[in-house]
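>>> Predicted coordinates and the sequence they were generated for:
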Amino acid sequence: MSAELTIGFLGAGQMATALAQGLVRAGLVRPEGLVASDVSVAARERFARETQGRVLAANSEVAAVAGTLVLAVKPLQVDEVLKELAPQIGSGHLLVSLAAGVRLAKLEAALPAGTRVVRVMPNTPALVGEGASGFALGRAAGREDAEWTARLLGAVGLAFEVPERLLDAVTGLSGSGPAYACLMIEALSDGGVAAGLPRDLATRLAAQTLLGTARMVLETGLHPGVLKDRVTSPGGTTIEGLHQLERAGVRGALLSAVRAAADKSRQLGGD
């Protein structure tokens, strides 16, 4: 199979496996067009079992057969992987980095001039095909690379191109956001239990409520405030609950959480 039809994964963990599965489901590549490397034998075996793709021992071997390379290792492993890759790749490759917090400048400095690089901030719902990702292009990457990256990430959710300076904000919102959502689900479930519901039922109702509401926002295109008002009858139960949330400062707390996480992302990135 030609390099153009082969997608390589440098790191074969959960995110790489989920993305590979999404690519196959979306018809962007056949299983035999997937190849991955990982220092962990268990990770390689799991990737091969769950995607039907090939696995190799060395990152350089993946670069030799794949035109698109997905860097899916931990940030502390990036330097070592890039050092191994540098002699093997160039302008004929597209490197899509999922490494959290690793700036384009660092990636490009470690690779030959002209290497096309894209930096991605994914989030964990990509593991179930409902991700929300932001990505930024490196200096050598062009429109075709942006469109191809959007298709790749679109196989496991939504993807939006942004300037790199906004990826910290993406991190604070959708990168950290699943934790905020889980906190809300847990708290809603606690409320249901306090009102008399069994725990399992309360948690399922809470999770489905957030899922369904999110789908309404995305599919209707309506402002969340409009949808909120549609549930809020004069003198009813919902306005009473909203009053308590406003008194507790929930809106401001969520706003502050996103800003704090974005600021922390900037600090970790050295800005």
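Sure thing, it's come through.
>>> Quick one: name whatever helix or strand follows the host helix or strand of Phe135.
Phe135 is part of strand 131-137, with elements assigned from DSSP states H and E. Following strand 131-137 in sequence order, the next helix or strand is helix 143-154 (DSSP H and E).
>>> got the buried residues for that following helix?
Asp145, Ala146, Trp148, Thr149, Ala150, Leu152, Leu153, Gly154 (16 or more other Cβ atoms under 10 Å). (Glycine included, C-beta is placed from N, CA and C.)
>>> Would you mind measuring from the third one to Leu183?
As for Trp148, its distance to Leu183 is 35 Å (criterion: Cβ to Cβ, to the nearest Å).
>>> just the fifth one next, same as before
Counting by Cβ to Cβ, the gap from Ala150 to Leu183 is 30 Å.
>>> now do the fourth one
Relative to Leu183, Thr149 is positioned 31 Å away (Cβ to Cβ).
>>> in this structure, what spans have low per-residue confidence?
1-4, 271 (pLDDT under 70).
>>> Leaving out chain neighbours, which residue sits closest to Val128?
Spatial nearest neighbour of Val128, chain neighbours left out: Ala18 (7.7 Å); criterion: Cβ to Cβ, 6 or more residues apart in numbering.
>>> Please name the residues that touch the one you found.
Going by Cβ atoms under 8 Å, 6 or more residues apart in numbering, Ala18 touches Ala126, Leu127, Val128, Gly129, Val156.
>>> what's in contact with stretch 211-225?
Contacts of stretch 211-225 (Cβ under 8 Å, 6+ apart): Leu227.
>>> Centre of the chain to that stretch, how far?
20 Å (Cα atoms, centre = their mean, to the nearest Å).
>>> For Ala207, the count of nearby residues, please.
17 (other Cβ atoms under 10 Å).
>>> For Pro31, which residues are in contact?
Val24, Thr51, Gln52, Gly53.
>>> Could you chop the protein up by domain?
For the chain, automatic domain parsing gives the domain ranges 3-162, 175-268.
>>> The protein: helices as residue ranges?
Ranges of helices in the chain, per DSSP state H, are 14-25, 41-51, 59-65, 78-85, 104-109, 143-154, 167-170, 177-194, 199-220, 224-231, 237-247, 250-268.
>>> Check which helices and strands the fifth one sits against.
Contact partners of helix 104-109 among helices and strands, from 3 or more Cβ pairs under 8 Å, 6 or more residues apart in numbering; DSSP states H and E: helix 78-85, strand 116-121.
>>> Among those, show me which one is buried the most.
Compared across those, strand 116-121 shows the largest average neighbour count, a mean of 26 (mean count of other Cβ atoms under 10 Å).
>>> Look up how far Gln244 lies from Val250.
Val250 is 9 Å from Gln244, by Cβ to Cβ.
>>> neighbour count winner among those two?
Val250 (14 against 9).
>>> quick one: that one and Ser91, what's the gap?
Plainly put, Val250 is 50 Å away from Ser91 if you go by Cβ to Cβ.
>>> what does Leu218 give?
Counting by Cβ to Cβ, the gap from Leu218 to Ser91 is 37 Å.
>>> For burial, what's the neighbour tally of Leu183?
The burial count for Leu183: 12, using other Cβ under 10 Å.
>>> do the same with Ile7
Neighbours of Ile7 under the rule other Cβ under 10 Å: 25.
>>> Now the residue most central in space within the chain: closest residue in space that isn't a chain neighbour?
Taking Cα atoms, centre = their mean, the centroid of the chain lies closest to Pro122, which sits 1.8 Å from it. The shortest distance from Pro122 to any non-neighbouring residue, by Cβ to Cβ, 6+ apart, is to Ser133 (4.6 Å).
>>> Quick check: beta-bridge partners of that neighbour?
Ala159 (DSSP bridges).
>>> Pull the contacting residues for it.
Neighbour list for Ser133: Val120, Met121, Pro122, Asn123, Ala126, Leu153, Gly157, Leu158, Ala159, Phe160, Val170, Ser174 [criterion: Cβ under 8 Å, 6+ apart].
>>> so the fourth one touches Ala132, yeah?
It stands for Asn123. Yes - at 5.5 Å, Asn123 counts as touching Ala132 under the criterion of Cβ atoms under 8 Å.
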